[in-house]
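In: Predicted structure and sequence below. I'll ask about it afterward.
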Amino acid sequence: MTARLMNGKAVARTVRDEVAADVSTLVASGRPAPGLATVLVGDDPASEVYVRNKRRQCVEAGMADLHRHLPADITQSALKSVLDELATDPAVSGILLQLPVPKHLDTAALLARIPASKDVDGLTVANAGLLARGRVGLVPCTPGGVMRLLDEYDVALSGADAVVVGRSELVGRPMAQLLLQRDATVTQCHSRTKDLVAVCRRADVIVVAAGVPGIIGGDAVMPGATVIDVGIHRTPDGLIGDVRFDEVKSVAGLLTPVPGGVGPMTIAMLLANTVAAARALDERSVGA
Ligand SMILES: Nc1nc2c(c(=O)[nH]1)N[C@@H](CN(C=O)c1ccc(C(=O)N[C@@H](CCC(=O)O)C(=O)O)cc1)CN2
Ligand SMILES: [Mg+2]
């Protein structure tokens, strides 16, 4: 068998077109264009690329780019003040703190300054709590993007055995919650899992977000399974994921490539969350 590749680039394009249409409708009805505040601390080259792409795609979708670039040595309290200012600025629909931040800063305390209503990354405790209760909030972008990809390729989830490899706040935990909401039987694996290969081999759907290059090979995949690779690692030979692509390609039924799989979906879902946040803020002020 050779897996069919899931084209994240194309699906992300579709999502961005939907967002642009939603923005046009909002603006045509006399509302301000949604505004996205990307907050980048320091000069990490990969983060700079991601934020540049977020800003460019934000403008392409007709939204306002309200970027802040702050020095790597900024203090916790100065950064908190910037976030507090964005929190009350009516032009800002969504706030995104690019991660990771420099080591001297306390990420959890910073995220706590972002109001849940503007938390377009879905990383606040409030939005994570809503997700855990199966209620509507802003969903983290990468797991949200994985769900959209699974739906675009008609992957059946109800009753399916789904394995999530990884338990990060950014991907693994919310991913498991989203699959559970869709009635999958979810197993969450991590660095202490005893027999990762045996657990994965039972799965109809595997989402790998371990942050370990090539951790999942062909031996861990049931023939015909759907395999989603969230990993992204720079090597002298180019970008690779958490999945050993060539091996898994000959076993899986559906597989995401790296690059061009999950990555582009992350930014597309950020834009979708920003429009959703703008709409919700708007409805509140209309009702107020
Ligand atoms: N606040 C956040 N920080 C981080 C997030 C996040 O969702 N919110 N996710 C990652 C980085 N990330 C977005 O921020 C991100 C990673 C990768 C891509 C992407 O499009 N990847 C391309 C390859 C691009 C390349 O050449 O590097 C692909 O996979 O095709 C987009 C966004 C950590 N931080
Ligand atoms: Mg089974």
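Out: Perfect, I can see it now. Ligands and ions are numbered 1, 2, ... in the order given.

In: ranges for the helices of the stretch 101-250 of the chain?
Out: Under the criterion DSSP state H, counting those that start in this stretch, the stretch 101-250 of the chain contains helices at 107-111, 125-132, 141-152, 172-181, 196-201, 245-249.

In: Between the two ends of stretch 159-168, how far is it?
Out: According to C-alpha to C-alpha, to the nearest Å, stretch 159-168 extends 24 Å from its N-terminal end residue to its C-terminal end residue.

In: go on, stretch 58-72?
Out: 24 Å.

In: who's in contact with the closest residue to residue 126 other than its chain neighbours?
Out: Nearest-residue entry for residue 126: residue 116, 3.8 Å, with adjacent residues in sequence omitted and distances by C-beta to C-beta, 6 or more residues apart in numbering. All C-beta atoms are positioned from the backbone trio N, CA, C, and that covers glycine. Shown here is residue 116, whose contacts under the criterion C-beta atoms under 8 Å, 6 or more residues apart in numbering are 124, 126-127, 130, 137-138.

In: tell me the angle of whatever helix or strand residue 271 lives in relative to helix 141-152?
Out: Here residue 271 is covered by helix 262-287, with elements defined by DSSP states H and E. Computed with axes from the mean of the first three to the mean of the last three C-alpha atoms, to 10 degrees, the direction of helix 262-287 lies at 100 degrees from that of helix 141-152.

In: separation between residue 117 and ligand 1?
Out: Counting by C-beta to the nearest ligand atom, to the nearest Å, the gap from residue 117 to ligand 1 is 17 Å.

In: Equivalent analysis for residue 141, please.
Out: For residue 141, the distance to ligand 1 equals 4 Å [C-beta to the nearest ligand atom].

In: My understanding was that that residue contacts residue 271; is that so?
Out: No - taking C-beta atoms under 8 Å as the definition, residue 141 is not a contact partner of residue 271, at 9.1 Å.

In: how about the helix holding residue 271 against ligand 1, any contact?
Out: Yes - using C-beta under 6 Å from any ligand atom, helix 262-287 reaches ligand 1 at 263-264, 266-267.
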